[in-house]
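Colleague: Need a 3D model of the sequence below.
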Amino acid sequence: MEQFWTFASQYWWLVFPFVAIVGGAVRRWDVLAQRRHARRLEVMKAKAELKTITASTRVTRSDDPQPLTKPSPLPDQLQKLFAVHDDVTARWLEYELDVARMIAFPTMSDGRQPLTAAFLRAKKIADRLRPPSADTRVSGDQVAEYRTAVTDYEVAFDLAEREARRVRDSQFSETERKRLATAQQLLAVALDESATPAERQVAYRRVREEVDGLLALSDEAVEILENRVALQLERSDDERGPASAGPRP
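Modeller: Okay, the predicted model is just below:
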């Protein structure tokens, strides 16, 4: 006993770290106990929610049965696919038949561009798989194959259009970009009602010269442009005619 008191009188300062250790252990135990309690509450809450969901599902199945969703008939599916197919084609023709758009976004008509080439391939596949009409006898597999082709066609066009709007004419050299810019300005003159017929005719010929070798204008696009220029000339003649006719004798 004397040895204990001797030890205690010499090492009494050890009481403080011992008390700190014990206090820390007690606090950790309290934290763990609180966490376990919170976890039990979460589990109980989850079980209660699960019971509620299960009970409501049983009521729905027994008291208010819902019919299974049936796929729409094949003709209806084809009509919807035709609409998407035609919409993408119409968007493409806005670039293919409009010379102004071709000048502004030249890569949309350049089959050498990877995304444009991918779009043109997807177009061929979708066109080939398209049934003649919605009343054509087709199987579910054929409709599924056509649906995939139409989806690929739409996505490929979106990617090609986005890229064309991003790069614009950056694929061309500085000299070629100047020619395209000049063609844009001349095209505006060719379609300007306030310009004289001679100015419009000269501007139209210059447009063809500036884009020659840079853009592959389709015959349809050239015909549409010529008709628009001719229409402007006819309007100008009609407006000038009565003014220059003079009084009748």
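Colleague: all helices in the chain, in order from the N-terminus.
Modeller: Using DSSP state H, the helices of the chain run over residues 2-10, 15-63, 74-96, 99-104, 114-129, 140-167, 174-190, 197-211, 219-245.
Colleague: Can I get the shortest one in PDB, CA atoms only?
Modeller: It stands for helix 99-104. What follows is helix 99-104, C-alpha atoms only, in PDB (Å, rounded to 0.1, in the frame of the first residue of the first chain):
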ATOM      1  CA  VAL A  99     -27.300  29.300-103.400                       C
ATOM      2  CA  ALA A 100     -27.100  31.800-100.700                       C
ATOM      3  CA  ARG A 101     -27.000  29.100 -98.000                       C
ATOM      4  CA  MET A 102     -24.500  27.100-100.000                       C
ATOM      5  CA  ILE A 103     -22.200  30.100-100.100                       C
ATOM      6  CA  ALA A 104     -22.700  30.700 -96.400                       C
END
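Colleague: which other residues reach that helix?
Modeller: 94-96, 108-109, 168, 180, 183-184, 187, 207, 211, 215, 217, 221-222, 224-225 (Cβ atoms under 8 Å, 6 or more residues apart in numbering). Quick note: C-beta positions are derived from backbone N, CA and C, even for glycine.
Colleague: make it 10 Å
Modeller: 94-96, 98, 108-110, 164-165, 168-169, 179-184, 186-188, 190-191, 207-208, 210-211, 214-218, 221-222, 224-225, 228 (Cβ atoms under 10 Å, 6 or more residues apart in numbering).
Colleague: Which ChimeraX command selects the buried ones in those?
Modeller: A single ChimeraX command selects the buried members of these (16 or more other Cβ atoms under 10 Å):
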select :95,96,98,108,109,110,164,169,179,180,182,183,184,186,187,190,191,207,208,210,211,214,215,217,221,225,228
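Colleague: Dump stretch 221-231 to PDB, keeping only the CA atoms.
Modeller: C-alpha atoms of stretch 221-231 as PDB (Å, rounded to 0.1, in the frame of the first residue of the first chain):
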ATOM      1  CA  ALA A 221     -30.200  25.200-107.500                       C
ATOM      2  CA  VAL A 222     -29.100  27.000-110.700                       C
ATOM      3  CA  GLU A 223     -32.600  26.800-112.100                       C
ATOM      4  CA  ILE A 224     -34.200  28.200-108.900                       C
ATOM      5  CA  LEU A 225     -31.700  31.100-108.800                       C
ATOM      6  CA  GLU A 226     -32.200  31.900-112.500                       C
ATOM      7  CA  ASN A 227     -36.000  31.900-112.000                       C
ATOM      8  CA  ARG A 228     -35.600  34.300-109.000                       C
ATOM      9  CA  VAL A 229     -33.400  36.600-111.000                       C
ATOM     10  CA  ALA A 230     -35.800  36.500-114.000                       C
ATOM     11  CA  LEU A 231     -38.700  37.200-111.700                       C
END
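Colleague: In contact with residue 134, which residues?
Modeller: Applying Cβ under 10 Å, 6+ apart to residue 134 gives the contacts 73-82.
Colleague: Now, of those residues, which are buried?
Modeller: Buried by 16+ other Cβ under 10 Å: 74, 77-78, 81-82, out of the contacts of residue 134.
Colleague: returning to what we had before: export the contacts of residue 134 to CSV and tack on distance to residue 115 and pLDDT?
Modeller: CSV is the format used below for those (distance: Cβ to Cβ, whole Å; pLDDT from 0 to 100):
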residue, distance to residue 115, pLDDT
73, 36, 79
74, 32, 85
75, 34, 85
76, 32, 90
77, 29, 92
78, 28, 94
79, 29, 94
80, 26, 95
81, 23, 96
82, 25, 96
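Colleague: Tell me which helix or strand in this structure has the weakest average pLDDT.
Modeller: Sorting the helices and strands of the chain by mean pLDDT, DSSP states H and E puts helix 15-63 at the bottom, at a mean of 49.
Colleague: Lovely, talk soon.
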